[in-house]
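J.: Got a sequence here, can you build the structure:
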Amino acid sequence: MRTHRRTRLLAAALTALSMAGVLAGCSRAERPQEQAQNEGAATEVRLGYFPNVTHAPALIGVEKGFFTQQLGKTKLTTQTFNAGPDEVNALLGKSLDMAFIGSGPAITAFSKSAGAIQLVSGAVSAGAQLVVKPGITSVDQLKGKTLTTPQLGNTQDVALKKFLAGKKLTGQVTVTTMDNPKTLDAFRKGDVDGGWLPEPWSSRLVLDAGAKVLVDEKSLWPQGRFPTTVVIVRSEFLQQHPDTVRAVLKGELAAIDWAKANPGEAKTVVNGALKKLAGSSLSPAVLDRAFSGIELTTDPIPGQFPQLAQDSVTAGIAKSAVSLKGFADFGPLNDVLKDAKLPAVESGDLAK
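T.: Okay, here's the model as predicted:
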């Protein structure tokens, strides 16, 4: 009798252990992945940006030492890119931690990474135009023409293709991609008829190659404001090193404030950076025109992002609009803005 009782008790115990294991396994499977822990300031932060006027806060922040001043002992390593898609690949491959980037590729990075990339700040609003040969005076005259953008799926590529779709010109205009300096050469040779380009390249085509503005992208957005350049970060890096992210954003704000207080010197610094990075500087006229078309701001203009996500669908770049829930984390930026006694930025539909 005692033997049977012991057997029953043993069986019950094994069953209980088995159920506990199953429940524990289910709990682990259903439990969301834990966030990385705050490890304090990073040893190094790897920052990407473009040698364009539309990345002026990054250029000034690097050249004037605003980033390194705020980063303290954290090493700043920089890398430049021609357009956003290549920079996205660097972020997803974890060879970058943070990046100044176009709004379109920022959305792509968030989508492709399943949320492992986050929007943390704005940088520049506006600064893109469709510039064409002088003989093209109306949108209808674009039929049969060849236009360029910096790279497939980049911010200007989406903008041009969305614009053409809205004018029912999809398939009637050849859209090709090439590096911005090559676009200038191709336009001068007559190989292309124009392009949807960021500054300073739209200004270079106008002033150095005789192009005319057919569409200023400002005219397509409320109050002429849209996020041309923003700052994004790998979520893991943000979780591990929030102080370092705040330091970079503090350096960005310092660069923007300095540029607004010293516009002439800011242009000189940007021009010197462009010569160092791209091999050539801009004429004073091009520099003035390029700067007149942009607004340096940490405001990411978050309310425009749902439209930008839909634009990728209209442009034929994406099959469906990306859900942007969780895209933005403006906590570090708002900490910096609070210290500077500036208004906070609301995440709106981009919040977690």
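J.: can we go C-alpha only for contacts and neighbour counts from here?
T.: Noted.
J.: ok, which stretches of the stretch 51-200 of the chain are helices?
T.: 56-63, 66-71, 84-92, 103-112, 155-166, 180-189 (DSSP state H, counting those that start in this stretch).
J.: Tell me the gap between the longest one and the middle of its chain.
T.: Mean-position distance between helix 155-166 and its chain equals 17 Å (CA atoms, centre = their mean, to the nearest Å).
J.: which residues touch whichever strand or helix holds residue 276?
T.: Using DSSP states H and E, residue 276 falls within helix 263-278. By CA atoms under 8 Å, 6 or more residues apart in numbering, the residues outside helix 263-278 that reach it are 51-53, 56, 59-60, 63-64, 80, 258-259, 280-282, 287-288, 291.
J.: Just the buried residues of it, please?
T.: The neighbour-count check on helix 263-278 (16 or more other CA atoms under 10 Å) flags 266, 267, 268, 269, 270, 271, 272, 273, 274, 277 as buried.
J.: thinking again about what came up before, dump the helices of the stretch 51-200 of the chain to a markdown table, plus mean pLDDT.
T.: Shown next, in a markdown table, are the helices of the stretch 51-200 of the chain (pLDDT from 0 to 100):
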| stretch | mean pLDDT |
| --- | --- |
| helix 56-63 | 98 |
| helix 66-71 | 98 |
| helix 84-92 | 91 |
| helix 103-112 | 92 |
| helix 155-166 | 94 |
| helix 180-189 | 94 |
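J.: and among the ones you listed, the most buried is which?
T.: helix 56-63 (a mean of 26; mean count of other CA atoms under 10 Å).
J.: Taking their axis directions, it and helix 263-278 sit at what angle?
T.: 80 degrees (axes from the mean of the first three to the mean of the last three CA atoms, to 10 degrees).
J.: okay, now the residue lying closest to residue 296 once chain neighbours are set aside: neighbour count?
T.: In this structure, residue 296 finds its nearest non-sequential neighbour in residue 124, 4.6 Å apart by CA to CA, 6 or more residues apart in numbering. Neighbour count of residue 124, defined by other CA atoms under 10 Å: 30.
J.: quick one on the thing from earlier: buried subset of the contacts of helix 263-278?
T.: For the contacts of helix 263-278, buried by 16+ other CA under 10 Å: 51-53, 56, 59-60, 63-64, 80, 258-259, 281-282, 287-288, 291.
J.: Which ones among those map onto strands?
T.: residue 80 (DSSP state E).
J.: Around the spatially closest residue to residue 224 that is not a sequence neighbour, count how many other residues there are.
T.: Sequence neighbours aside, residue 218 is the residue nearest to residue 224 in space, at 4.2 Å (criterion: CA to CA, 6+ apart). Using other CA under 10 Å, residue 218 has 18 neighbouring residues.
J.: Specify which member of the buried residues of helix 263-278 is nearest to residue 112.
T.: residue 277 (28.9 Å; CA to CA).
J.: Please report how far the closest one lies from residue 95.
T.: Distance, residue 277 to residue 95, using CA to CA, to the nearest Å: 19 Å.
J.: the domain parsing of the protein - what is it?
T.: By the assignment in automatic domain parsing, the chain contains the domains 44-126+226-350, 128-224.
J.: Any idea which residue is closest to the centre of the chain?
T.: residue 101 (2.8 Å; CA atoms, centre = their mean).
J.: thinking again about what came up before, and the angle for the helix holding residue 276 with helix 180-189?
T.: Using the same axes, to 10 degrees, helix 263-278 lies at 90 degrees relative to helix 180-189.
J.: pull the CA atoms of helix 263-278 into PDB?
T.: This file holds the C-alpha atoms of helix 263-278, laid out as PDB (Å, rounded to 0.1, in the frame of the first residue of the first chain):
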ATOM      1  CA  PRO A 263      25.500  82.600 -40.700                       C
ATOM      2  CA  GLY A 264      28.500  83.900 -42.700                       C
ATOM      3  CA  GLU A 265      31.000  81.800 -40.800                       C
ATOM      4  CA  ALA A 266      28.700  78.800 -40.800                       C
ATOM      5  CA  LYS A 267      28.700  78.900 -44.600                       C
ATOM      6  CA  THR A 268      32.500  79.100 -44.600                       C
ATOM      7  CA  VAL A 269      32.800  76.000 -42.300                       C
ATOM      8  CA  VAL A 270      30.300  74.000 -44.400                       C
ATOM      9  CA  ASN A 271      32.200  75.000 -47.600                       C
ATOM     10  CA  GLY A 272      35.500  73.900 -46.100                       C
ATOM     11  CA  ALA A 273      34.000  70.600 -45.000                       C
ATOM     12  CA  LEU A 274      32.500  70.000 -48.500                       C
ATOM     13  CA  LYS A 275      35.900  70.600 -50.100                       C
ATOM     14  CA  LYS A 276      37.600  68.200 -47.700                       C
ATOM     15  CA  LEU A 277      34.900  65.500 -48.100                       C
ATOM     16  CA  ALA A 278      33.800  65.900 -51.700                       C
END
